[in-house]
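Predicted model and sequence below, questions to follow.
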Amino acid sequence: MRTTIFLLFSALSPGIASAQTYFHIGSIAVQPNDPTTSDEISIALSGGLSSTGAYVISTDAVVQGNILTITIDAADDGGATVIVPHTEVVPIGQLPAGEYMIEINGSFVLDMASPGQHFFAVGGDPCELLEVASVEWAPFSDTAMVVHVFNNSSELFDYPGFVLLDLQGDTIASEAVDYFGIGAESYHTLRIHPNTELPTVGSMVQLHLWTGFYSEQACAWNLPFDPCPPMPCDSVVITLDNFGGALTLGDFVWIVRNSSFEVVADGTFTLTTSIQSVQAMLCLAPGSYAYECGPQQAPTGGQPFFGVRSTGWISGPSAPVAWSLPVPLSFEFLPACEDGTNAILEGLVMPEIAVTPDPSGIRVARRDGKPPGTVMVFDATGRSIGHSVDDGPYCHIDLSDVASGVLLVRAGGTVQRIVWTSP
C-alpha cells in the first residue's frame, strides 16, 4: 500500500519527473535513527548534482498531519557534465510521536530513493516511558538510597547514573556508574553525600538521570521526598545458599527475632541434591533483627552461607553456617525508618490498590489503572504466602489453601490489611 501511494505521488508531481534534472536523490535518511519526540530531527537527502556548476538553491519542509513535504529547488550555472556527490540536510525539528511519510517536491529534482525510505516513525520520549517506582532508603543502610525504575522504552540509557537533588540544586545522593544500561527493571544505589541536610518528608526533590558516565543529562523528575516504605512492614528475603566444594544436604531450622528477642518468623530450609539455594520472603517492620540458621544433621560438605537481601537483590549481611550451635546474624532493616515512615496521616491517603476477595483468593488492581506489578501477600506473622508479577490491569492470587485471618497485601507502593475468610 505504501509503495502504491509513493508511485502515484511521483506520477502526479511534474517537478520530480522534470526532463531537466540538476539534483538526483538516491537515498533518504532520517537523523537520528529511531528518533523520539525529544530529538531534533533532520532529513539527509543524498545523491548527485548533474554538473560541477549545479547546486541547490533552497529547501523547505512542511509537516501537515503525518505527511512531511520537502520542497527543493536546484539550478545549474554550467560546468563539466559529471555527477558530483552531494548530501542536502534538511532540518525538521521535533515531531509528535507517530508514523510519517516523506514527499519530495520542487524544481529540477528527481527523487529516486527507494519507497521504504519515504517512511519513518517517531517514538515517544524515552523519559516518559522510564517509570520511577520509588526512591527509598537502602534496606540495610542509613547512608544510601535506592532508586527503583521500570524501563518500558527501547532506549538503553547507557552507563546510567542517578542523582538526587533538593530544589536548590544541592546534591543529596548520587550513584557510582555500575550498569551498562537500564533493563526492564532495575535498582540503583545512591550514596548520601557527606554533611547533606536531608529535606523534610513531603517536600519536593529532583531526580536526574545522566548517561555516558555522567556526560549527558537524559531525564529529570520532580518527586515528593518520602524515602520510607509504607507501614507496617516491607519485604525482606532470608537466604541459605551453598557456594560449592561439595553438596550440602539436610534440614536447617531458621528463626528471625526482633530486638526484644521475640520470634517474628521461623521455619525450616531443606537442601537436596537438586536444590542448593533456598529462600523465604518476610514482611518486617523497620528495626534490629537477628537471623539464626542451624543444621539438624552432621556436616555433609559444601560451603553453606545464610544471609539477607532485599527483593531488589540488594545484599545485606551474610555468614557461613555454623555446624555446632547456631550463631545469630544481626542486621538492621531500614534503620533510617525506625522512627516512622510517613509524615502524612495514613487516614488521609487513599490506598493505591483495590483488593477484592472472591471464593478462591483475591483480585488486586491499582486505582490509577496501571499494572499492579509485583504483588505480595503475607500472613500476620510476616511470612510470604503468595505473590504475583503481572503487567495486565489486575492480578489474581490463589488463597484457597490459606487459613482465615488477617493478611497483608503489598503492591503499588502500599501495604493494605485485609481479613481473609477461607472457603
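On my side now, so go ahead. Predicted, not measured: the structure shown is a model, and the values here were computed from it.

where does the stretch 51-200 of the chain have low pLDDT?
Within the stretch 51-200 of the chain, no stretch has pLDDT under 70.

can you map out the helices along it?
Under the criterion DSSP state H, counting those that start in this stretch, helices are not mapped anywhere in the stretch 51-200 of the chain.

In contact with the spatially most central residue of the chain, which residues?
Central residue of the chain (Cα atoms, centre = their mean): residue 150, 1.9 Å from the mean position. With contact set as Cβ atoms under 8 Å, 6 or more residues apart in numbering, residue 150 has these partners: 130, 131, 133, 184, 185, 373. Every residue, glycine included, has its C-beta placed from N, CA and C.

make it 7 Å
Each residue near residue 150 by Cβ atoms under 7 Å, 6 or more residues apart in numbering is listed here: 131, 133, 184, 185.

before we move on, what about residue 214?
Here residue 214 is in contact with residue 161 (Cβ under 7 Å, 6+ apart).

And the pLDDT at it?
For residue 214, the model assigns a pLDDT of 94.

which SSE is it in?
For residue 214, there is no host helix or strand (DSSP states H and E).

What segments of the stretch 151-300 of the chain are strands?
Along the stretch 151-300 of the chain, counting by DSSP state E, counting those that start in this stretch, strands occupy 161-166, 171-174, 185-192, 204-211, 216-224, 234-242, 250-258, 263-271, 277-284, 287-295.

Rebuild these as TSV, extending it with distance to residue 366 and mean neighbour count.
Shown next, in TSV, are the strands of the stretch 151-300 of the chain (distance: least, Cβ to Cβ, whole Å; neighbours: other Cβ atoms under 10 Å):
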stretch	distance to residue 366	mean neighbour count
strand 161-166	24	21
strand 171-174	28	20
strand 185-192	16	18
strand 204-211	21	19
strand 216-224	18	14
strand 234-242	18	22
strand 250-258	30	18
strand 263-271	28	17
strand 277-284	19	19
strand 287-295	29	19
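
now for these, which one comes closest to residue 36?
In terms of Cβ to Cβ, the element of the strands of the stretch 151-300 of the chain nearest to residue 36 is strand 216-224, at 11.2 Å.

among the strands of the stretch 151-300 of the chain, which is nearest residue 99?
That would be strand 216-224 among the strands of the stretch 151-300 of the chain, by Cβ to Cβ, at 24.7 Å.

which outside residues touch that closest one?
Outside strand 216-224, the residues that reach it (Cβ under 7 Å, 6+ apart) are 127, 130, 132, 135, 157, 202, 204-211.

And what about the closest residue to residue 85 other than its chain neighbours, helix, strand or coil?
Distance criterion Cβ to Cβ, 6 or more residues apart in numbering; nearest residue to residue 85, sequence neighbours excluded, is residue 48 at 5.7 Å. Secondary structure, DSSP: H, G, I helix; E, B strand; the rest coil: residue 48 is strand.

Perfect, I'm done here.
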